[in-house]
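Enquirer: got a predicted model here, sequence first, then my questions.
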2 protein chains.
Amino acid sequence: MKATGFSIGELSKQCGVNLETIRYYEKIGVMPAPSRSAGGYRIYDADHLKRLSFVRRSRQLGFSLDEIRGLLRLVDGHAYTCAEVRALTLDHLAEIRRKIADLNRLKRVMAEMAAQCSGERAPECAIIDALFDAPPLSGETRRRP
Amino acid sequence: MKATGFSIGELSKQCGVNLETIRYYEKIGVMPAPSRSAGGYRIYDADHLKRLSFVRRSRQLGFSLDEIRGLLRLVDGHAYTCAEVRALTLDHLAEIRRKIADLNRLKRVMAEMAAQCSGERAPECAIIDALFDAPPLSGETRRRP
DNA sequence: GCTAAGGCCTGTAGCGGCTACAGGGTCAAG
DNA sequence: CTTGACCCTGTAGCCGCTACAGGCCTTAGC
């Protein structure tokens, strides 16, 4: 079995994660430091690829790096239970729902504003007026970002 | 008429915008530099309040500071037409719709993952497996953020 | 007039999650 | 042995703030 390791460039391509991002993940402790060649090049193996895929996938699903660290701690400790992972997932799902609700409110307001606007070449504009005169939104647009 | 100006603290309270944020807006040119007292304190008037409300409202609607600068340039130049403002608004609306669509995709995936999970105290977890094994999402999660 | 408490000032550094350099060293093919 | 593609570290920048530190100003009460 010729399971020789591969370079950061190959890992980057395989996984679709920017090379500098991989180094960044290493620096902040999300990816483990790989072994090195005599000249100091990083050498990765299949486990690194698996882990980086996990991180990339989780990022795409909107988990923060901190949440990902939480997931990885569970995985690394081999001590996770479905319930723990499920809890993190449901928290995140709730957050996504909140964001969707917020954006739907925005969409409604924006669409109303745009509908007010004649689109003609006029110096008065309902949108500008709305932006100037409207009171604060009732619901918070972003809570604790 | 005793239309004396007011301090940054009062402006902050009136408008619901953090004091340091107001100074930041001044630094980056979104708010104009106000006049100053003998001792160097900022003195604001009703126009500043109006403009800051505009900025706050636009931020709440999700416009970036750069987009707001665009809107303000139109307003300041007295040269805006409804059509221009409407175009910016519709652009922004399209972006909001895209974000909502993205989040709905995420929601679906997350909900599926959570549904797979038994919630029992077990060392195998469908969510973890899904995070490890799943291919890249088809649609980009965030495009040019 | 004097003091103390509260406001305000500038400037800098930090957050998250990268990205983009600069200025080098290493590796493999020819 | 040379070339060129890759890789290394370290630092600075992006957005939209927020949070200090270490001062100066203002005002109310005595």
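Expert: Received, thanks.

Enquirer: pick out the residue in chain A sitting closest to DNA strand C.
Expert: At 2.3 Å from DNA strand C, A:Gly39 is the closest residue in chain A, using CB to the nearest atom of the strand. Every residue, glycine included, has its C-beta placed from N, CA and C.

Enquirer: mind telling me what element that residue is part of?
Expert: If you go by DSSP states H and E, A:Gly39 is not part of any helix or strand.

Enquirer: please apply the same query to the one 10 residues further on.
Expert: For A:Leu49, the host element (DSSP H and E) is helix A:46-60.

Enquirer: what about the longest helix in chain A?
Expert: Using DSSP state H, we find that the single longest helix of chain A is helix A:82-116.

Enquirer: quick one: A:Gln60 from A:Pro34, how far?
Expert: Relative to A:Pro34, A:Gln60 is positioned 23 Å away (CB to CB, to the nearest Å).

Enquirer: tell me the residues of chain A that contact DNA strand D?
Expert: A:7-10, A:12, A:19-20, A:23, A:40-42 (CB under 7 Å from any atom of the strand).

Enquirer: cutoff 6 Å now
Expert: Residues of chain A found near DNA strand D (CB under 6 Å from any atom of the strand) are A:7-10, A:23, A:40-42.

Enquirer: check the residues you listed and tell me the two furthest apart.
Expert: Farthest-apart pair in the residues of chain A next to DNA strand D is A:Glu10 and A:Gly40; separation 16.8 Å (CB to CB).

Enquirer: more neighbours: the two, which one.
Expert: Between A:Glu10 and A:Gly40, counted using other CB atoms under 10 Å in any protein chain shown, A:Glu10 has the larger neighbour count: 12 against 6.

Enquirer: counting contacts, what elements does the helix or strand hosting the more buried one pack onto?
Expert: Using DSSP H and E, the element containing A:Glu10 is helix A:8-15. For helix A:8-15, the packing partners by 3 or more CB pairs under 8 Å, 6 or more residues apart in numbering or on different chains; DSSP states H and E come out as helix A:19-27, helix A:46-60.

Enquirer: can I get those in a markdown table with mean neighbour count, mean pLDDT and distance to DNA strand C?
Expert: A markdown table is the format used below for the helices and strands packed on helix A:8-15 (neighbours: other CB atoms under 10 Å in any protein chain shown; pLDDT from 0 to 100; distance: least, CB to the nearest atom of the strand, whole Å):
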| stretch | mean neighbour count | mean pLDDT | distance to DNA strand C |
| --- | --- | --- | --- |
| helix A:19-27 | 15 | 97 | 4 |
| helix A:46-60 | 18 | 94 | 5 |
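
Enquirer: chain B is nearest to which of the ones you listed?
Expert: Ranking those by their distance to chain B (criterion: CB to the nearest CB) puts helix A:46-60 first, at 4.7 Å.

Enquirer: for that closest one, enumerate the helices and strands it packs against.
Expert: helix A:8-15, helix A:19-27, helix A:65-76, helix B:126-133.

Enquirer: residues touching the residue nearest to A:His48 when sequence neighbours are not counted, list them.
Expert: Nearest residue to A:His48, sequence neighbours excluded (CB to CB, 6 or more residues apart in numbering or on different chains): A:Pro34, at 6.0 Å. If you count contacts by CB atoms under 8 Å, 6 or more residues apart in numbering or on different chains, A:Pro34 has them with A:5, A:26, A:42-45, A:48.

Enquirer: which one of those sits closest to chain B?
Expert: Nearest member of those to chain B, counting by CB to the nearest CB, is A:His48, at 12.9 Å.

Enquirer: just confirm the closest one contacts A:Ala33, I think it does.
Expert: No: using CB atoms under 8 Å, A:His48 makes no contact with A:Ala33, being 10.2 Å away.

Enquirer: and the longest helix of chain A, which residues are buried?
Expert: A:82, A:84-86, A:88-89, A:92-93, A:95-96, A:99-100, A:102-103, A:105-107, A:109-110, A:113-114 (16 or more other CB atoms under 10 Å in any protein chain shown).

Enquirer: lovely, talk soon.
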